[in-house]
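S.K.: Fold the following for me, if possible:
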Amino acid sequence: MSKIDPRLQLLQRNQTVLPELEATGRFAIESTETGPKVKVLLKYRGSITDLEQRGLEVRTVAGDIISGVIDLSRLNAITALPDLIRIESARPMVRELNRSVPEIRANLVHTGSPAYKGTGVIIGIIDSGIDYTHASFRKPDGTSRILAIWDQYLEPIGNESSPARFNPRYGYGVEYTKAEIDAALAAADPFSIVRHEDDYSVGHGTHVAGIAAGDGSSAGNGQPASTFVGVAPEADIIVVANQVNSEIFGDSAETLDAISYIFDKATALGKAVVINLSQGDNLGPHDGTSLLEQGIDNLLGNPGRAMVKSAGNEGALGRHASGFVAVDGQTQVRFAVDANDATLNTIDIWYAGSDRFDITITSPDLNTSAVVRPDTTTSFTMPNGNQISIVSAINNPNNKDNQIYIQQTRGTSPSIQPGSWSFTLRGTTVTNGRFDAWIERGHPANTPEFRPPHRDDTLTISIPGTSKEVIAVASYVTSDGPNRGRISAFSSRGTTRDRRLKPELAAPGEGIIAALAGASGDNQYQGLSGTSMAAPHVAGVIALMLQRNRSLTQSQILDYLTKTARRDSFTGASPNATWGYGKLDAKAAVDLVTPPQLKVVSLYEYHAQDPAGRWRFFYSRAANVMDGWTRSGREFLVIGEKAEDAVPVYRFSADTPWRFQYSRSINAGGDGWHNDGIAFYAYANAAFNRRPIYQYSAPNPWRFRYSPEASLPDPGWRNDGVAFYIPASR
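M.R.: Residues are numbered from 1 along each chain as shown. Prediction:
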């Protein structure tokens with residue numbers, strides 16, 4: 001059993017070809033003056049300091065899963081640590097409305113009573129980026145709804161900074177704050193201030209963000225304003241851009257950093273958040289035990305956090321094969337390589353830890369390699385000049401299963417030999433016999449595909465969609481035609497390799513019209529297809545659910561979504577491995593969410609016996625918090641963990657009886673005296689929309705009424721006459 005994953009083993013063994021591998025963009029390698037560095041994910045249960053002392057640049061810590069960067073020469077120092085369980089090379093990720101919003105009945109949520117549009121909830125987009133100048137992501141006053149953009153592949157210039165100013169562990173790329181984005185939007189040349197741009201050749205991230213959170217405020221494509229409205233058109237947005245080139249979106253280590261960053265930002269802002277990830281990869285066990293998936297699951301434990309992933313577009317591409325191997329028997333699996341394929345090809349085979357399989361490789365001209373036995377690593381050159389590397393690893397520490405990793409390059413030939421290749425598995429010890437193999441996606445025009453009889457279009461959900469916690473979303477057709485209502489042919493099918501249900505549900509994903517990057521004139525929107533378009537529909541609905549109750553957990557959200565999913569003649573009996581529980585129904589899901597309970601607790605008590613006779617108030621939030629007098633006689637205070645953390649909330653004006661000033665924080669604009677003279681107010685959101693929380697009743701001195709918002713029942717007059725109350729969950 002090796003602690004080092006096969007890709008990382010090959011990087012160690014074949015350092016002479018590192019420049020060639022780096023050029024493919026499919027290995028997270030960076031050439032530096034001190035030698036090659038590699039981005040990694042670790043499963044580790046020891047001291048972080050020990051890792052740092054041995055050369056690891058630690059980035060995200062998600063429970064026992066850690067992302068970082070290390071000199072390849074220091075790798076052995078890390079693997080020698082007894083508390084290291086597994087280390088993996090970061091793997092590349094590949095990308096995966098006017099009609100679709102009514103299809104999922106989100107428009108009924110927008111116009112309901114109360115209406116929900118995602119206000120106060122953050123939607124995190126990890127993708128190619130965003131066209132932040134697009135009108136769909138602006139407020140009516142022209143400022144941005146985007147709270148931050150972290151471009152992981154920009155290098156800072158001038159006054160630019162990485163997110164290290166927010167958290168030192170995010171010390172790469174460039175972060176743009178809302179203030180910087182707003183300044184850019186007000187400038188004649190926005191991109192001279194905020195240099196981030198989406199990939200205008202596709203605009204994948206802009207389109208995804210438009211589905212989830214675009215407000216459709218600009219007219220375009222021959223249609224009036226408010227035609228192409230997203231699912232949560234008033235949600236806040238945080239974007240992490242991780243596009244390397246036209247096909248590859250960063251890697252698994254940077255993806256974990258992006259997820260952690262968005263969750264950390266939401267926590268700092270005190271907001272609920274849902275993340276959309278419309279990218280993935282095929283390498284790994286597809287059972288939820290990859291280090292990226294374990295890290296994500298660790299980060300999803302808190303209330304008010306959710307994550308959605310596109311199921312993948314592998315449903316009809318022949319990139320999965322399965323079968324059985326008998327004792328002393330052998331099974332040959334064929335795969336086709338196209339002409340002029342000079343790219344890196346990889347196949348990942350997984351089988352039960354109790355079994356042992358030998359493997360050989362055969363080229364189209366029927367040259368067969370030597371036998372590669374379990375628990376060995378080898379590289380060899382075929383007679384045609386192609387280079388083959390095989391790592392046959394046993395008892396992976398994450399799931400105790402076995403893995404055979406095959407890496408195929410052109411070697412000394414101009415390209416990989418085209419035609420029908422095969423690998424043959426021979427069972428030396430067999431108690432289970434089942435195997436599953438996946439081809440990682442290369443260039444769209446050159447990716448190999450498995451051939452019958454072992455080609456199998458099930459178990460094609462891309463990683464991290466096979467996570468235990470992440471919600472995987474399939475795509476179905478909503479455009480007119482004979483396929484309307486059917487599952488999309490490209491949509492990846494479940495289950496997972498450990499036979500858990502995936503995907504969980506389906507949403508519209510073909511011909512979806514949403515924001516266009518680099519929009520100009522009437523050309524404001526575009527149509528794209530893929531499970532990448534289905535996932536943000538679900539992310540938007542989750543934002544609506546979190547607006548109704550920000551304390552929902554990921555498991556509660558999944559429960560509401562699956563219980564309310566629509567079944568019809570196309571979905572058939574559900575749940576199943578094609579549709580999950582059925583088609584997304586925003587209205588039913590939001591209606592099922594229970595708003596926070598109006599359990600009241602005392603916040604402030606007036607103390608009539610204050611010897612100074614001044615307006616002093618007694619803090620009594622909860623029994624386990626130290627109560628005490630406020631320091632100023634004319635302020636109501638919210639006290640943090642310590643009494644000295646108190647900050648003013650309302651200020652009494654003795655010169656203007658029963659008038660109160662809002663002073664939540666120094667940087668909060670729009671403060672001022674209220675006109676009604678008898679109400680205490682809090683701002684409902686960042687726009688500083690006031691709503692009454694407590695109202696003084698003149699006929700009943702020192703009695704106050706609770707009135708949080710029109711949609712919630714009024715608990716009524718308080719009996720003690722001297723206490724202010726709020727719901728415990730607020």
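S.K.: Please make it C-alpha for all contacts and neighbour counts, starting now.
M.R.: OK.
S.K.: can you give me the mean pLDDT across stretch 498-518?
M.R.: On average, the pLDDT along stretch 498-518 is 93.
S.K.: typo on my end, it should be stretch 565-584
M.R.: pLDDT averaged over stretch 565-584 gives 96.
S.K.: Residues in contact with that stretch: which ones?
M.R.: 104, 458, 474, 485-487, 492-495, 501-507, 538, 561-564, 585, 589 (Cα atoms under 8 Å, 6 or more residues apart in numbering).
S.K.: can you give me how far that stretch is from the chain middle?
M.R.: Taking Cα atoms, centre = their mean, to the nearest Å, one finds the center of stretch 565-584 at 24 Å from the center of the full chain.
S.K.: which stretches of the stretch 251-400 of the chain form helices?
M.R.: Assigned by DSSP state H, counting those that start in this stretch, the helices in the stretch 251-400 of the chain fall at 252-269, 291-299.
S.K.: Equivalent analysis for the chain, please.
M.R.: Counting by DSSP state H, the chain has helices at residues 6-13, 18-24, 48-53, 75-79, 100-103, 106-110, 178-185, 204-213, 252-269, 291-299, 531-548, 554-564, 586-592.
S.K.: Distance to residue 315 and mean neighbour count added to these, as JSON lines?
M.R.: Formatted as JSON lines, the helices of the chain follow (distance: least, Cα to Cα, whole Å; neighbours: other Cα atoms under 10 Å):
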{"stretch": "helix 6-13", "distance to residue 315": "26", "mean neighbour count": "18"}
{"stretch": "helix 18-24", "distance to residue 315": "25", "mean neighbour count": "14"}
{"stretch": "helix 48-53", "distance to residue 315": "41", "mean neighbour count": "14"}
{"stretch": "helix 75-79", "distance to residue 315": "37", "mean neighbour count": "17"}
{"stretch": "helix 100-103", "distance to residue 315": "22", "mean neighbour count": "20"}
{"stretch": "helix 106-110", "distance to residue 315": "27", "mean neighbour count": "22"}
{"stretch": "helix 178-185", "distance to residue 315": "39", "mean neighbour count": "19"}
{"stretch": "helix 204-213", "distance to residue 315": "20", "mean neighbour count": "32"}
{"stretch": "helix 252-269", "distance to residue 315": "22", "mean neighbour count": "22"}
{"stretch": "helix 291-299", "distance to residue 315": "21", "mean neighbour count": "23"}
{"stretch": "helix 531-548", "distance to residue 315": "11", "mean neighbour count": "31"}
{"stretch": "helix 554-564", "distance to residue 315": "22", "mean neighbour count": "19"}
{"stretch": "helix 586-592", "distance to residue 315": "26", "mean neighbour count": "21"}
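S.K.: and these, which one's lowest on average pLDDT?
M.R.: Averaging pLDDT over each of those puts helix 18-24 lowest, since it has a mean of 59.
S.K.: dump the residue contacts of the nearest residue to residue 438 once chain neighbours are set aside.
M.R.: With sequence-adjacent residues excluded and distances taken as Cα to Cα, 6 or more residues apart in numbering, residue 438 is closest to residue 320, at 4.6 Å. Residues in contact with residue 320 (Cα under 8 Å, 6+ apart) are 436-439, 450, 455-460.
S.K.: again, only this time at 7 Å
M.R.: Neighbour list for residue 320: 437-439, 450, 455-457, 460 [criterion: Cα atoms under 7 Å, 6 or more residues apart in numbering].
S.K.: among those residues, who's most crowded?
M.R.: residue 460 (31 neighbours; other Cα atoms under 10 Å).
S.K.: thought that residue was touching residue 314?
M.R.: Yes. Look at residue 460 against residue 314 with Cα atoms under 7 Å: they come within range, at 5.8 Å.
S.K.: any shared contact partners between those two?
M.R.: In contact with both residue 460 and residue 314: residue 492, using Cα under 7 Å, 6+ apart.
S.K.: Tell me where the model's unsure across the stretch 301-450 of the chain.
M.R.: 442-445 (pLDDT under 70).
S.K.: And the strands in it, which stretches?
M.R.: 305-310, 320-324, 330-337, 345-351, 356-362, 376-381, 387-393, 402-409, 419-429, 434-439, 449-450 (DSSP state E, counting those that start in this stretch).
S.K.: Just name the most buried of those strands.
M.R.: strand 305-310 (a mean of 29; mean count of other Cα atoms under 10 Å).
S.K.: can you list the residues that contact that one?
M.R.: 96, 272-279, 300, 465, 470-474, 531-532, 534-535, 539, 553-554.
S.K.: For stretch 148-155, list the C-alpha coordinates in PDB.
M.R.: Below are the C-alpha coordinates for stretch 148-155, written out as PDB (Å, rounded to 0.1, in the frame of the first residue of the first chain):
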ATOM      1  CA  ALA A 148     -15.500  39.500  -4.800                       C
ATOM      2  CA  ILE A 149     -13.700  38.000  -7.700                       C
ATOM      3  CA  TRP A 150     -10.600  35.800  -7.200                       C
ATOM      4  CA  ASP A 151      -8.800  35.200 -10.400                       C
ATOM      5  CA  GLN A 152      -6.500  32.300  -9.500                       C
ATOM      6  CA  TYR A 153      -4.400  32.700 -12.700                       C
ATOM      7  CA  LEU A 154      -3.700  36.400 -12.700                       C
ATOM      8  CA  GLU A 155      -0.400  37.700 -11.400                       C
END
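S.K.: Check which residues of it are buried.
M.R.: Within stretch 148-155, the residues that count as buried by 16 or more other Cα atoms under 10 Å are 148-152, 154.
S.K.: Can you give me the domain assignment for this protein?
M.R.: Listed by automatic domain parsing, the domain ranges of the chain are 1-90, 94-315+463-592, 317-456, 600-727.
S.K.: Point out the most buried one among those.
M.R.: Counting by mean count of other Cα under 10 Å, the most buried of these turns out to be domain 94-315+463-592, with a mean of 22.
S.K.: That one: end-to-end distance?
M.R.: From its first residue to its last, domain 94-315+463-592 covers 35 Å (Cα to Cα, to the nearest Å).
S.K.: and what of stretch 132-152?
M.R.: End-to-end for stretch 132-152, by Cα to Cα: 16 Å.
S.K.: which other residues reach that stretch?
M.R.: 172-178, 181-182, 185, 196, 210, 214-218, 236-242.
S.K.: Let's see which of the residues you listed end up in strands.
M.R.: Those of the contacts of stretch 132-152 mapping onto strands are 174-177, 236-241, per DSSP state E.
S.K.: And those, which two are furthest apart?
M.R.: 174 and 236 (19.9 Å; Cα to Cα).
S.K.: How far off centre is stretch 314-328?
M.R.: 29 Å.
S.K.: And for stretch 355-374?
M.R.: So, by Cα atoms, centre = their mean, the centroid of stretch 355-374 is 39 Å from its chain's centroid.
S.K.: what pairs with residue 576 across the strands?
M.R.: residue 580 (DSSP bridges).
S.K.: if I look at it, how far off is residue 313?
M.R.: Residue 576 is 18 Å from residue 313, by Cα to Cα.
S.K.: same check, this time on residue 355
M.R.: When residue 355 is compared with residue 313 (using Cα to Cα), they lie 31 Å apart.
S.K.: and the helices of the stretch 251-400 of the chain as a markdown table, adding distance to residue 123?
M.R.: What follows is these, written out as a markdown table (distance: least, Cα to Cα, whole Å):
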| stretch | distance to residue 123 |
| --- | --- |
| helix 252-269 | 9 |
| helix 291-299 | 16 |
